[in-house]
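>>> I would like the atomic coordinates for the input below:
(2 chains)
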Amino acid sequence: MSRQVTFKIAYLDLSARTFTVRTTSGSDFELYLGGRGLGAKLLFEGQGKGVDPLGPDNQLIFTTGKFGGTPVPTAGQVTITAKSPATGLYFKSNTGGTWAKALRRADWDAVVITGVSETPVFVSIDDERVNFHDASGLWGRTVRESDTEAQRRLGGSDWSFATIGHAGENLVNFACIMTSLYHAAGRGGLGAVMGAKKLKSIAVRGSGQTTVADAVTLEQEVQAVLAKARQSVKAGLLLEFGTAATIEMANEGGSLPVNNFSSAQIPGGHKLGGTYLVENAYMRQGSACSACPMGCHKHAVVREGRYQGHSGGPEYETLASLGTSCGVTDPEPVLKGNELCNDYGLDTISTGGVIGWLMESAQRGLISSDRCYGLDLGWGNGQSMVDLIHRIARREGIGDLLAQGTRSASKALGGESWKWAVQANGLEQSRVDTRVAKAYALSFAVNPRGPDHLYAQPQAEFGRTPEARRLMERLMGSDKYCNSKILDGKPELVRWHEDMFAVTDSLGICSFATTTTYIVDESSLARFIRAVLNVSMSEKEIMQAGRRTVVLERCFNLREDPNRKDTLPWRLMNEPVSRGPHEGMLNSKQEMQVLLNRYYALHGYDPVSGRPTREVLSSLGLLDDVKGLEEIII
Amino acid sequence: MPVHIEIRVYHGIKKYLPAGDGNGFCRTFSLPDGASVAQAISALNIPNDEKVFTLLNGVMCSPDRALNSGDVLSIMQPAGGG
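I've put the predicted structure just below:
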């Protein structure tokens, strides 16, 4: 079967207000599968080293996968790729909803945006018709307000939007792009890239249908996956409680970031958990992405009082960042904070991270509350947390400092505030206490985004489900390695998760299917690829495509900053867990070196620098395929 | 001497607690001396085929682990994802 699968890409130049079409041919599908993999290649080849993330030459790339628009379960994801203003490095951010399906129905695989518009603009893509619209009256509005007004102007009710809020317009370092009430391409400040281009929103709709090669076989495989989803405890939990169900486990198990990662458990933390939120009617069933049987997103409501409102979410990360990382266990201000972050277009993880940093800085006497609107910055003040979100999004007063993210803010504040800036390479750490989870520790350190979970998610290290233990047994010959505190088996586990996560993002499905519930595996993906595209790929070839993307992303960073280190935030590498069931645990330099050594060896990287070698790049076919890759070889 | 432990129950497991239990997520529980984690689960009328995940004092444990007074047993379903 031919592997010649083409990708149709819309190139939009906002400076010139033009658009052109490019259709790829050749081996891009076979090598990268599309989606995120295609985005990585376009980013590497389409811009050189040293591009200003907020300048016209930084590409903002939206890629769906070839499964987008089809009935493949969870096929609703879009990957957004650019150079990040937070890290100065490669960044991909995913989001779900209906935007990807709409783009595919419009018969596009990707949109690449360059340039900077002279005035605020929004773009509409209506099948093959691409138009630029004046965004006066949208600019300066929240995401929800903007989408409502844009829909009114465009007419019809079937548009999907990718939109920024005040935070993106104001170039907040961790501004996000929202694709619905529930869906955020949260991390890395890609909302600021969009805001710097003065691009408010991209509206998409399509009248076509995504055709598949073999609908009968596809339906059989879909039903097989749905049957697995019905048996999966994790899938059931996602449906009933969303990712908030993880809060109880993390708090009971002493791995929940509390007070800026200075503790790992908090009394009353269960009030931010899915059980409490659902029982007390704060949360109810929300939305499912296209073709998803798990429907993890929930709708949150605070019915009365000063935090009254409603929003999509919150996710575990949000509850742990705006909530416990700031010492807050009252759900109402946290739900309000979630709503504000979504409306303003702010990454909830970095927002909670920077607020927690400020609280600790104030408690340690480095900054007075006079500089912070007189706010009480003790742990647990939910009102202060909410107030600060407004300030950050609008860059008012202390918000202007916080909007730079903890790396820059701590440099500006001085003293030892860098020690409790829980970030590495410019990205605030996702809310996992990696001191007690060694596979996560390794995966965070090597993640080109920074210390973050949406790159590998090696959940199998906990061995909490039969699927997780089966995976570990397959990789290591035994499920005895399902122990988050040990180092053995973790590099192998991380490598598999990285490759599978890249495959997932590249095909345009959700990591909850492949690396959380494990209900879609390599063999299933091979059957889906054959049924959708009439392409035959082995499981090994599929995973190698994922590996190729992971390595290429690493190469982008090496070209950009040869001195970038695979590392974790200082606190996690130097301050042991202070109390609780995992007291004393640490991501020590020695431990991290053991993990990295094995990880580098598995990949064939240089053992000292961790750089991909000529042999690795050649064996993966990257050297022949990617223009300019030769320059990163030493 | 019976052992007195604290039980915390979350997620779909809560439906097995008696109705009208008040703040059902957390309660003290008395069990015979030498009772195990498995026996505590059984005493709550949680069926054998229910896929529970347990932590004893915050740490994963085997079902036959004996309980001591003052232990905290957390019973939930295996969640994941952020």
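
>>> sketch out the low-pLDDT regions of the chain for me.
The chain I'm using is chain A. Applying pLDDT under 70 to chain A flags residues A:1-3.

>>> my bad, the chain I had in mind was chain B
In chain B (pLDDT under 70), the answer is B:19-24, B:81-82.

>>> for the stretch 451-600 of chain A, which residue gets nearest to chain B?
At 3.1 Å from chain B, residue A:581 is the closest residue in the stretch 451-600 of chain A, using Cβ to the nearest Cβ. For glycine as for every other residue, the C-beta is placed from the backbone atoms N, C-alpha and C.

>>> and the residue nearest to that residue when sequence neighbours are not counted, how far is that from residue A:137?
Of all residues not flanking residue A:581 in the chain, residue B:58 sits nearest, at 3.1 Å (Cβ to Cβ, 6 or more residues apart in numbering or on different chains). Per Cβ to Cβ, to the nearest Å, residue B:58 is found 53 Å from residue A:137.

>>> more crowded one of these two?
residue B:58 (19 against 14; other Cβ atoms under 10 Å in any protein chain shown).

>>> for chain B, what is the nearest residue in the stretch 101-250 of chain A?
Nearest residue of the stretch 101-250 of chain A to chain B: residue A:245, at 3.9 Å (Cβ to the nearest Cβ).

>>> isn't that residue right up against residue B:53?
No: Residue A:245 is not in contact with residue B:53 according to Cβ atoms under 8 Å; the separation is 10.9 Å.

>>> now name the helix or strand holding the residue of the stretch 101-250 of chain A closest to chain B.
helix A:245-252 (DSSP states H and E).

>>> which helices and strands does that helix pack with?
helix A:274-279, helix A:316-318, strand B:53-56, strand B:72-76 (3 or more Cβ pairs under 8 Å, 6 or more residues apart in numbering or on different chains; DSSP states H and E).

>>> JSON lines for the ones you listed, including mean neighbour count and distance to residue A:460?
As requested, those are arranged in JSON lines below (neighbours: other Cβ atoms under 10 Å in any protein chain shown; distance: least, Cβ to Cβ, whole Å):
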{"stretch": "helix A:274-279", "mean neighbour count": "22", "distance to residue A:460": "22"}
{"stretch": "helix A:316-318", "mean neighbour count": "29", "distance to residue A:460": "18"}
{"stretch": "strand B:53-56", "mean neighbour count": "20", "distance to residue A:460": "14"}
{"stretch": "strand B:72-76", "mean neighbour count": "22", "distance to residue A:460": "18"}
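
>>> coming back round to it: burial of the residue of the stretch 451-600 of chain A closest to chain B, as a residue count?
Counted with other Cβ under 10 Å, residue A:581 comes out at 20.

>>> hey, C-alpha coordinates of stretch B:46-58 in CSV?
Taking Å, rounded to 0.1, in the frame of the first residue of the first chain, the C-alpha atoms of stretch B:46-58 are listed here in CSV:
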residue,chain,number,x,y,z
ILE,B,46,-17.5,-3.2,49.2
PRO,B,47,-17.8,-6.1,46.8
ASN,B,48,-14.7,-8.1,45.9
ASP,B,49,-15.0,-7.3,42.2
GLU,B,50,-15.0,-3.5,42.8
LYS,B,51,-11.6,-2.2,41.6
VAL,B,52,-10.5,-0.2,44.6
PHE,B,53,-7.2,1.4,45.2
THR,B,54,-6.0,1.7,48.8
LEU,B,55,-3.4,3.6,50.7
LEU,B,56,-2.5,2.9,54.3
ASN,B,57,-1.1,6.0,55.9
GLY,B,58,-0.4,7.3,52.5
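
>>> this completes my enquiry, with thanks.
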